[in-house]
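Q: quick one: sequence plus predicted model below, questions after.
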Amino acid sequence: MPPKAEMFFKSESRYRMLVENSSDIIFSLDFEGYFDYVSPAWKNILGHEPSEVIGHNFREFVNPDDIPRCEDIFMAVIRTNSMQEMTYRIHHGDGSWRRHTSRVNRHRDENGVQTIFGTAHDVTERLRFEELMTQSEKMTMISGMAAGMAHEINNPLGAILQHAQNIERRVSANIPANVQAAAEVGVSLDLVHAYMEKRGIFDFIAHIRSAGIKASDIITNMLQFSRRSDAGAEPVDLSTFVDKVLELAGTDYDMKKKYNFHRIELQRHYVADLPPVLLSVTGMEQVLLNILNNAAQALAGSDLPHQPRISVRTRVAAGMAVIEIEDNGPGMDKKTAQRIFEPFFTTKEIGVGTGLGLSVAYEIVTKGHHGLIDVSSQPGMGCCFTVKLPLQGVA
Amino acid sequence: MNNPAITVLLVEDNDMIRECITAYLEDEGFTVHSYVTAEQALERIVAINPVVCISDMRLPGMDGESFILKAHTLCPVTSFLLHTGILYTLSDELRDIGMTDGDVLLKPIHDLSKLVKRITHISVTGRG
Ligand SMILES: Nc1ncnc2c1ncn2[C@@H]1O[C@H](COP(=O)(O)OP(=O)(O)O)[C@@H](O)[C@H]1O
């Protein structure tokens, strides 16, 4: 060993300086999991004083769900004497969970004392970014798929819808060719009609058509992914616009029939003198309708001890126009809230939810309008969606 | 329902769609000529001189847009409707020959009576 390095490794104070200035956390645990050392970086990264940590068990800090995994890793380190890596959630002094990656190894000092020795750093932001990336990759994949699928599916759907219509038409006495054909085979069209009515055949045909229309709406929704341009954006008075969407919602068939929209109390709080906002009217209509639709569905689907209510607010904050849509329905837990903007994520039954509504809204708001969309909710506490749209750039 | 004087030319390569639109329009009394490709339709369009021509966008060979532009030079009084499966914005060339957003029919057509209304409207008002 060259003399300089030898001197370095002999100086405990230099070692200490290295450890105490490391931006990573350096720690040491006994085999029971009690910390006997943590470096000052712990305070910067996780907020606790080292004195609040030393002498405590790692299990007091690590998320209970992740403890077994950490224990397994420690066991492996002890057994195999090799370095291992692990990622886990750990409690921050501010009450939040952070995600850390650690490298751990087994150490035996001169006195024969064995410890688990490791370094740790915060990877919360990196993992969040990676998750966002996979989200946006999913979106891109879907937009490619959507255009292709629309082509393949629209023709058979058209045939289903239009042939169903043709069947209805071909038993109508209003069409001369029908009357003639019926006469040729010796039946009365009126009787054919009466028979079909009696056996519910017209209802079946109507169901074929409404199912076809539903499928076609899903395709249209999916196509929104491949339509990314914000062409057609126009300056709009937000309060008038929101009023118009509420009116639209009130006339929607599902909203009326299935979710009793008229029984929901609507509260509006519009800020006065909001500057015009540049938006694509059809796109933003769909965003608000999807949110309202979910709210109405949530309110209709649960027994509430109070009057169902949707509050719609507009305001300006930090250079953005803000639309808030809040319901006093069942709300959702944190796990659900984290995933609702993902394509195909739904908690509803098959056939009821497609899981596309909010992911489409997300696309339209973020890509189409360079805005933000977010939700805040807790189980039993209702749900509030916030859409923020940039104000600058409007004449 | 008395539309025999109104001749419609339909270009659609999907057999089912061609058949159901033809059946519906014939029930409504229109005279319908239907073709599978733009090339076949172009051979006959002058002789038929339809009031309205409905063309699919995606066709084997010549596509719907090129077909309409060509057919328009042959039959300048015919009105054209474009039937398409994707969200489509009319090109400037098609706007130049008088087509508007209302002339783009999105697949699948949910209700063919709307198509009938459009055709009768065109045949009454004419367009140019
Ligand atoms: N207002 C709300 N209250 C409670 N849960 C909601 C609300 N809005 C959305 N959600 C949840 O978000 C999920 C995803 O919504 P969305 O993307 O519109 O798809 P879908 O409505 O088809 O399930 C829903 O399945 C539901 O669990």
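A: Yep, it's here.
Q: now name the helix or strand holding A:Arg98.
A: strand A:97-108 (DSSP states H and E).
Q: which other residues reach that strand?
A: By Cβ atoms under 8 Å, 6 or more residues apart in numbering or on different chains, the surrounding residues in contact with strand A:97-108 are A:25, A:28, A:45-46, A:63, A:73-74, A:77-78, A:81-92, A:114-124, A:127. For every residue, glycine as well, the C-beta is placed using N, CA and C.
Q: which of those residues count as buried?
A: Of the members of these, the ones counted as buried by neighbours, 16 or more other Cβ atoms under 10 Å in any protein chain shown, are A:25, A:28, A:45-46, A:73-74, A:77, A:84, A:86, A:88-92, A:115-120, A:122-123.
Q: and chain B, which of those residues reach it?
A: Residues of these in contact with chain B (Cβ under 8 Å from any Cβ of the partner chain): none.
Q: picking up where we left off before, now find how far off-centre the very next helix or strand once past the strand holding A:Arg98 is within its chain.
A: Helices and strands here follow DSSP H and E; after strand A:97-108, the next one along the chain is strand A:114-122. Averaging C-alpha positions (Cα atoms, centre = their mean, to the nearest Å) puts strand A:114-122 35 Å from its chain's average.
Q: by how many degrees do the following helix or strand past strand A:114-122 and strand A:97-108 diverge?
A: Going down the chain from strand A:114-122, the next helix or strand is helix A:124-170, by DSSP H and E. With axes from the mean of the first three to the mean of the last three Cα atoms, to 10 degrees as the basis, helix A:124-170 and strand A:97-108 are set at 130 degrees to each other.
Q: how close does A:Glu60 get to A:Val245?
A: From A:Glu60 across to A:Val245, the span is 50 Å (Cβ to Cβ, to the nearest Å).
Q: more neighbours, these two?
A: A:Val245 (22 against 12; other Cβ atoms under 10 Å in any protein chain shown).
Q: measure whatever residue of the stretch 1-150 of chain A ends up closest to chain B to the ligand for me?
A: Here the residue of the stretch 1-150 of chain A nearest chain B is A:Ala150; by Cβ to the nearest Cβ that distance is 5.5 Å. Distance, A:Ala150 to the ligand, using Cβ to the nearest ligand atom, to the nearest Å: 19 Å.
Q: OK, contacts around that residue?
A: By Cβ under 8 Å, 6+ apart, the residues touching A:Ala150 are A:Ile219, A:Met222, A:Leu223, B:Gly85, B:Ile86.
Q: name the element the spatially most central residue of chain B belongs to?
A: Central residue of chain B (Cα atoms, centre = their mean): B:Ile54, 1.0 Å from the mean position. Assigned by DSSP H and E, B:Ile54 belongs to strand B:52-56.
Q: helix or strand right after that strand?
A: Next element after strand B:52-56 (DSSP H and E): helix B:64-74.
Q: what's that following helix packed up against?
A: Packing partners of helix B:64-74 (3 or more Cβ pairs under 8 Å, 6 or more residues apart in numbering or on different chains; DSSP states H and E): helix B:38-48, strand B:52-56, strand B:79-84, helix B:92-96.
Q: tell me the most buried of those?
A: Highest mean neighbour count among the helices and strands packed on helix B:64-74 (mean count of other Cβ atoms under 10 Å in any protein chain shown): strand B:52-56, with a mean of 25.
Q: and it, what's its mean pLDDT?
A: Mean pLDDT, strand B:52-56: 96.
Q: outside of it, which residues touch it?
A: Residues contacting strand B:52-56 (Cβ under 8 Å, 6+ apart): B:6-14, B:17, B:21, B:38, B:41, B:45, B:64, B:67-68, B:71, B:75, B:78-84, B:105, B:115, B:119, B:122-123.
Q: do you know how far the nearest residue to A:Glu168 once chain neighbours are set aside is from A:Gly212?
A: Leaving aside its chain neighbours, A:Glu168 sits nearest to A:Ile205 (5.7 Å; criterion: Cβ to Cβ, 6 or more residues apart in numbering or on different chains). Here A:Ile205 is placed at a distance of 11 Å from A:Gly212 (Cβ to Cβ).
Q: residues shared between the contacts of those two?
A: With Cβ under 8 Å, 6+ apart as the test, A:Ile205 and A:Gly212 both reach A:Ala164.
Q: between these two, which is the more surrounded one?
A: More crowded of A:Ile205 and A:Gly212, by other Cβ under 10 Å: A:Gly212, with 22 against 18.
Q: so who does the more buried one touch?
A: Going by Cβ under 8 Å, 6+ apart, A:Gly212 touches A:Leu157, A:Ile160, A:Leu161, A:Ala164, B:Pro108, B:His110.
Q: dump the residue contacts of the fifth one.
A: Under the criterion of Cβ under 8 Å, 6+ apart, the contact partners of B:Pro108 comprise A:Asn154, A:Asn155, A:Leu157, A:Gly158, A:Ala159, A:Ile160, A:Leu161, A:Gln162, A:Gly212, A:Ser216.
Q: go again using 6 Å as the cut-off
A: Neighbouring residues of B:Pro108 by Cβ atoms under 6 Å, 6 or more residues apart in numbering or on different chains: A:Asn154, A:Leu157, A:Gly158, A:Leu161, A:Ser216.
Q: and the second one, how many neighbours?
A: One way to gauge burial is a neighbour count; for A:Leu157, by other Cβ under 10 Å, it gives 24.
Q: ok, now how distant is it from B:Ile119?
A: Distance, A:Leu157 to B:Ile119, using Cβ to Cβ: 22 Å.
Q: and the closest residue to A:Phe58 other than its chain neighbours, its phi and psi?
A: Counting by Cβ to Cβ, 6+ apart, the nearest residue to A:Phe58 once its immediate chain neighbours are dropped is A:Gly33, at 4.9 Å. Taking degrees, to the nearest 10, you get phi 100, psi 10 for the backbone angles of A:Gly33.
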